[in-house]
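*Asks:* this one's sequence-less:
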């Protein structure tokens, strides 16, 4: 069975600090996909990144970066120089590639960035 | 504009009164899914549909029904709502062939309260 663990439930930082959100996953599949979604206070879910299991290259997008390590089954998300607008709930998710593919979400991390 | 439209945005009802939450997407997506979000539990899948007339249970299907008579619509039906179905509900869709492995487009959510 698939499982996504986001051990941190709430993180509070001061603006301009760097912050890393941890994500550990479990799956028996060799091919799978990992995602991060952001849920700002307004409530909508915003897609951030999708990564397949064969691509372990780290990715950077502006102040956001992702570190995928298959050896530790982790897909961590770092925000550099955090801003108040980064305050949100962040979900890590995992999907398999079966005929009835399913997306399993972690419980989410609430990030508060204080001015 | 590509979007997933859910209605209503907010709904208060009483135990046992049948209700339907509508979901429509304009992207010709084959895959559609319903999730519920509860504090501390993240998002959990209720039902999903790989195509017209093809639906299947997710992790928490009890008390819900769905139908997929047209590609664009995927309504969620609560035949006899109970207070434990008070939750924030999201509909989502993704591009053909890849199901949950692709980026999901989410609706704005429906906050349901069952008294």
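*Replies:* Arrived safely. All values reported here derive from a predicted model rather than from experimental measurement.

*Asks:* what pairs with the residue positioned nearest the centre of chain B across the strands?
*Replies:* The residue lying closest to the centre of chain B (C-alpha atoms, centre = their mean) is residue B:34, at 2.9 Å. Each beta-bridge partner of residue B:34 is listed here: residue B:47, residue B:91, as defined by DSSP bridges.

*Asks:* residues from chain B in reach of chain A?
*Replies:* B:33, B:35, B:40-45, B:48, B:50, B:56, B:58, B:88, B:90, B:92, B:98-106, B:108-109 (C-beta under 8 Å from any C-beta of the partner chain). Bear in mind the C-beta positions are built from the backbone N, C-alpha and C, glycine included.

*Asks:* Touching, the residue nearest to the centre of chain B and residue B:89? I think so.
*Replies:* Yes. If you go by C-beta atoms under 8 Å, residue B:34 and residue B:89 touch, sitting 6.6 Å apart.

*Asks:* so where's chain A uncertain?
*Replies:* Regions of chain A meeting the criterion pLDDT under 70 cover residues A:98-101.

*Asks:* low-scoring stretches of chain B, by residue?
*Replies:* For chain B, residues meeting the criterion pLDDT under 70 lie at B:96-100.

*Asks:* any idea how far residue A:84 is from the residue found closest to residue A:72 once you drop the neighbours it is linked to in the chain?
*Replies:* With C-beta to C-beta, 6 or more residues apart in numbering or on different chains as the measure, residue A:24 is the residue that lies nearest to residue A:72, at 7.5 Å, once sequence neighbours are left out. In this view, residue A:24 and residue A:84 are 28 Å apart by C-beta to C-beta, to the nearest Å.

*Asks:* Please identify which of these two sits among more neighbours.
*Replies:* Under the criterion of other C-beta atoms under 10 Å in any protein chain shown, the comparison of residue A:24 against residue A:84 puts residue A:24 first, with 17 against 10.

*Asks:* check contacts around the more buried one.
*Replies:* Under the criterion of C-beta atoms under 8 Å, 6 or more residues apart in numbering or on different chains, the neighbours of residue A:24 are A:4-7, A:72-74.

*Asks:* repeat for residue A:46
*Replies:* Contacts for residue A:46 were tallied using C-beta under 8 Å, 6+ apart; they are A:37-40.

*Asks:* mind redoing it with 6 Å?
*Replies:* The contact partners of residue A:46, by C-beta atoms under 6 Å, 6 or more residues apart in numbering or on different chains, come to residue A:38.

*Asks:* Same question for residue A:31.
*Replies:* Applying C-beta under 6 Å, 6+ apart, one finds that residue A:31 lies in contact with A:53, A:97.

*Asks:* Could you rerun that using 10 Å?
*Replies:* With contacts taken as C-beta atoms under 10 Å, 6 or more residues apart in numbering or on different chains, residue A:31 has the following neighbours: A:52-54, A:96-98, B:101.

*Asks:* which among these end up buried?
*Replies:* Neighbour counting with 16 or more other C-beta atoms under 10 Å in any protein chain shown marks A:53, A:96-97, B:101 as buried within those.

*Asks:* Let's see which of these end up in strands.
*Replies:* residue A:96 (DSSP state E).

*Asks:* I'd like the distance between the residue nearest to residue A:72 and residue B:43.
*Replies:* Applying C-beta to C-beta, one obtains 18 Å for the distance of residue A:24 from residue B:43.

*Asks:* Fine by me, thanks again.
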